[in-house]
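Student: For reference, the sequence and a predicted model appear below.
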Amino acid sequence: MKHRITLRDRFGYAVWMIIANLAGAAAMLLLVYFVSKSNDADLVRQYYVPFSILFALVAMATTALITGIYFHRNVPDLLSPEGDAGCKDILNSFCRLVLPGELLRLILCSLPTTPGMMFGYRFLDGFFALAPNYLWDMFYVIPHNRMDSMRDSGYSATDNLVFLAFYLVCLAVILAVYFFTFRAVWKSAEAVRKNEVKLRMDPDQMK
């Protein structure tokens, strides 16, 4: 069963993805700023592991929420006129819509570009993938004192491999959330369409 996933749909998702990730980065940075200015700053330093994970999750949750808005607005237009779609078919539509943009983001964010001036993260200082960059920083770069070396000599092979591992874990989590959201919106849109069809076929229900 083929669904209408066009190049325009993929491009629209990619643009929305950029906005969603920037919003996620902004939400995380605001939280980090306010916590660092509060009386809990020492507590954060003492328990940096759970707080680091919390900050990253805030970025990912914000991104997922905004991406969910995109799905609610656009998935109903992707339904097939042929009838109900199975889980495999929904997954296929999801992959054709989402994966091209996510693959492009993965490539761009993984390029060993010059570390950014603010955080030292790659590709526009990590703003399009702040959660994995932040976790990579907190659990690898800082403990191994890699920042000065990366700024002077660039990234080593280990730096790149460890970053890719963090990125892929975050990507797997966020794609799972996206898919379940996508499927829920799809099923909801199908239910609405069924009700509309029933009303058209049974005019007495409209009286």
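Tutor: Okay, I see it. Numbering: from 1, shown residues only.

Student: To what extent is the nearest residue to G120 once chain neighbours are set aside buried, counted in neighbours?
Tutor: Distances taken as CB to CB, 6 or more residues apart in numbering place M147 nearest to G120, at 5.3 Å, with adjacent residues excluded. All C-beta atoms are positioned from the backbone trio N, CA, C, and that covers glycine. Residues lying near M147 (other CB atoms under 10 Å) number 14.

Student: Next one: M147 relative to L164, how far apart?
Tutor: 18 Å (CB to CB, to the nearest Å).

Student: OK, contacts around V44?
Tutor: Contact analysis of V44 by CB atoms under 8 Å, 6 or more residues apart in numbering lists 35-36, 51.

Student: okay, and for the chain, where does confidence drop off?
Tutor: For the chain, the stretches with pLDDT under 70 are 1-3, 41, 81-85, 195-207.

Student: can you map out the helices along it?
Tutor: Applying DSSP state H to the chain gives helices spanning 7-36, 41-46, 48-74, 87-110, 122-125, 130-136, 147-153, 157-201.

Student: Nearest to G116, out of the ones you listed?
Tutor: G116 lies closest to helix 122-125 among the helices of the chain, at 2.8 Å (CB to CB).

Student: Return the set of buried residues in the closest one.
Tutor: 122-123, 125 (16 or more other CB atoms under 10 Å).

Student: with those in mind, which one is nearest to A25?
Tutor: For those, with A25 as the reference and CB to CB as the criterion, the closest is D125, at 9.5 Å.

Student: Now the closest one. Nearest residue, chain neighbours left out?
Tutor: Per CB to CB, 6+ apart, closest to D125 is G116, 2.8 Å.

Student: Next, the contact list for that neighbour, please.
Tutor: 122, 124-126.

Student: Switch the residues you listed over to a markdown table; also include distance to Y155.
Tutor: What follows is the contacts of G116, written out as a markdown table (distance: CB to CB, whole Å):
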| residue | distance to Y155 |
| --- | --- |
| R122 | 7 |
| L124 | 16 |
| D125 | 14 |
| G126 | 13 |
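
Student: how close does the closest residue to D77 other than its chain neighbours sit to F163?
Tutor: Nearest residue to D77, sequence neighbours excluded (CB to CB, 6+ apart): R4, at 7.5 Å. Applying CB to CB, the value for R4 to F163 is 36 Å.

Student: Looking at the two, which is more packed in?
Tutor: F163 (25 against 12).

Student: how about the residue nearest to A14 when sequence neighbours are not counted, what does it touch?
Tutor: Leaving aside its chain neighbours, A14 sits nearest to G101 (3.6 Å; criterion: CB to CB, 6+ apart). Contact analysis of G101 by CB under 8 Å, 6+ apart lists 10, 13-14, 17.
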